[in-house]
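Participant: Okay, predicted coordinates and the sequence, questions at the end:
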Amino acid sequence: MMKGWSGMSKMKLNLGPQHPSTHGVLRLILDVDGEKILGCEPVIGYLHRGMEKMAEGMTYLQYLPTVDRVDYVSGFFNSFAYVSAVEKLLKIEVPERASIIRVLLMELNRIASHLLWLGTYLLDLGAVSPFFYTFRERELILNYFEKISGQRLMYNYFVFGGVRQDIEYIEEIRPIITTVVEKLEDYEKLLTDNPIFISRTKNVGILERGEALAYSITGPNLRASNSHLDFRTQSGLYKNFEYKIAKAEDGDCYSRYKVRLEEIRESANIINQAVDLLLCKPGDVNIGLNPVNITPEAGEAYADVETPRGLTTCCVKSDGSANPYRVKWRTGSFYAVQILPKLLIGNMISDIMSIYGSLDVMLPEVDR
Amino acid sequence: MKFLKQIKALLEGVFIVFKHLFKKSVTLQYPEERPVVPEKFRGGHTLNGCIGCGICRKVCPCDAITIENEGKNVTSYKINLRKCMFCGNCQYYCPVSAIKLGKKFELATAFEEELQVELVNDSNKSKEDNK
């Protein structure tokens, strides 16, 4: 038997798949020597629902409500990726007002998603009270979504060629945003200078920029590693909005926390601009297409969107029939899981949840 | 100096938590207090004026709907709540707005037979069921 540095033998340790901190079902097979991690192998697939294969037996419209389940804390983003891919296949244009509503709802969803991340991450680190505070604010946003779409997480609100209905209760958005941004100061007071939080996160799990790019990491995880790659700047959707790209230099867990908090502020900024635009620009919100019997021409279409967890793309291939020939999803969390062995080796067991939580991995998105 | 700064940051955090002791509770004491269900909520189904065209069955992602009809006379309209995912496609694409997802949300039951819901194509009766 191999002997480790402490004189004890190397041990295999199984973490998960039902670990409360994994936000889903992820299994990690660890090689440990005492408390030191020598090897790590993530095992995924416990939440596989066959979202890609399922599409082949469904019509384009039947598949639409199920795509919200690809990542259930940011359903609007997945809907958007699928809907815009099918719109490209059908060669239809989306009215301007519908695009603005989509941006507004997606940014609200980004805030809700980051708040969920913040609460559960701190719960993993052992701080219980911020969990209640972030969920209290997230509830405001989810209640708003429930009012306009009918459900809290599975919205089914985007349709081919726009959104289902014109946005309602628009006057309620600004108070929600003001509350969230006000409460962010509370979180910062609780955390940013907190010595316990700093010692758990600073200089832990450092991800270099080159390494992150080599592993195809996107989203806040990449921007925490001194990169300014944001796919929002490259899509035409956000061209009417002014915002800064949140960025941090160090690439450790603390930077990832900083970036996400900054992103909430920037999203609030975008939402305020979108509300202004919606109030002064009336118009159609969808093109009135009846999607029950759509059969796009044979071909392939691809759409991408910057989600809270990185780049999500959807590629739809059509063979001219009523069902998609193939649907392929690319999600940000999948790549964040692949980097885990790189980050964990050499750290202590107590750092696992600190590093893993900071990557904001959402397992349903990994397994699809 | 650094030590004092750390103590100050910790105390600030404790103070924020302490302040919340005196704030109004946001928890809903669920079975006693009832939540306000929004107008558009997608819950238990109602049927009113169905013409048996079968579009709801066609757009349903999980084959939860079974219809038996003779022309426009619907004899049986069943929804399998085990399969239904309350996406609302049936409601959104019904040409006569017959099927609606209502405000009823407590659909859990101990018996499987109760999940096979037979909807009655009559406005008064189905409304009573939903109350």
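Facilitator: Cool, got the structure. Since we're looking at a predicted model, the values are computed, not measured.

Participant: residues in contact with the most centrally placed residue in chain B?
Facilitator: The centroid of chain B falls nearest to residue B:43 when counting by C-alpha atoms, centre = their mean (2.8 Å). Neighbour list for residue B:43: B:37, B:86, B:101, B:102, B:103, B:104, B:105, B:107 [criterion: C-beta atoms under 8 Å, 6 or more residues apart in numbering or on different chains]. Yep, even glycine has a C-beta here, placed from its N, CA and C like the rest.

Participant: tell me the SS of the last one?
Facilitator: Spelled out, that is residue B:107. coil (DSSP: H, G, I helix; E, B strand; the rest coil).

Participant: Can you list the residue ranges for strands in chain A?
Facilitator: A:11-15, A:27-33, A:36-43, A:158-159, A:162-163, A:299-307, A:310-318, A:324-330 (DSSP state E).

Participant: buried residues in the third one?
Facilitator: Right, strand A:36-43. Across strand A:36-43, burial judged by 16 or more other C-beta atoms under 10 Å in any protein chain shown covers A:36, A:37, A:38, A:40, A:42.

Participant: Tell me the confidence at the nearest residue to the second one once chain neighbours are set aside?
Facilitator: Yep, that's residue A:37 we're talking about. Setting aside the residues directly before and after it, residue A:37 is nearest to residue A:344 in space (C-beta to C-beta, 6 or more residues apart in numbering or on different chains), at 5.2 Å. On pLDDT, residue A:344 comes in at 87.

Participant: Is chain A within reach of stretch B:99-114?
Facilitator: Yes. Applying C-beta under 8 Å from any C-beta of the partner chain, one finds that stretch B:99-114 is in contact with chain A at residue B:101.

Participant: That stretch: which residues count as buried?
Facilitator: The neighbour-count check on stretch B:99-114 (16+ other C-beta under 10 Å) flags B:99, B:100, B:101, B:102, B:103 as buried.

Participant: Export those residues to CSV and append columns for pLDDT and secondary structure.
Facilitator: Converted to CSV, these look like this (pLDDT from 0 to 100; DSSP: H, G, I helix; E, B strand; the rest coil):
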residue, pLDDT, secondary structure
B:99, 87, strand
B:100, 86, strand
B:101, 87, strand
B:102, 84, coil
B:103, 86, coil
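
Participant: Residue A:192: which of the residues you listed is nearest?
Facilitator: Set against residue A:192, the nearest of the buried residues of stretch B:99-114 by C-beta to C-beta is residue B:103 (42.9 Å).

Participant: And for the residue lying closest to that closest one once chain neighbours are set aside, the neighbour number?
Facilitator: Using C-beta to C-beta, 6+ apart and skipping residues adjacent in sequence, the residue nearest residue B:103 is residue B:37, 4.5 Å away. Residue B:37 has 13 neighbouring residues, counting by other C-beta atoms under 10 Å in any protein chain shown.

Participant: Same question for residue A:302.
Facilitator: Residue A:302: 16 neighbours (other C-beta under 10 Å).

Participant: again with the one 3 residues further on
Facilitator: Residues lying near residue A:305 (other C-beta under 10 Å) number 23.

Participant: and it, how far is that from chain B?
Facilitator: Using C-beta to the nearest C-beta, to the nearest Å, residue A:305 is found at 21 Å from chain B.

Participant: tell me the contacts of that residue?
Facilitator: Taking C-beta under 8 Å, 6+ apart as the test, what residue A:305 contacts is A:77, A:80, A:81, A:84, A:106, A:231, A:235, A:311, A:312, A:313.

Participant: what about 7 Å?
Facilitator: Listed by C-beta atoms under 7 Å, 6 or more residues apart in numbering or on different chains, the contact set of residue A:305 reads A:77, A:80, A:81, A:312.

Participant: for residue A:206, same thing?
Facilitator: So residue A:206 contacts A:250, A:251, A:252 (C-beta under 7 Å, 6+ apart).
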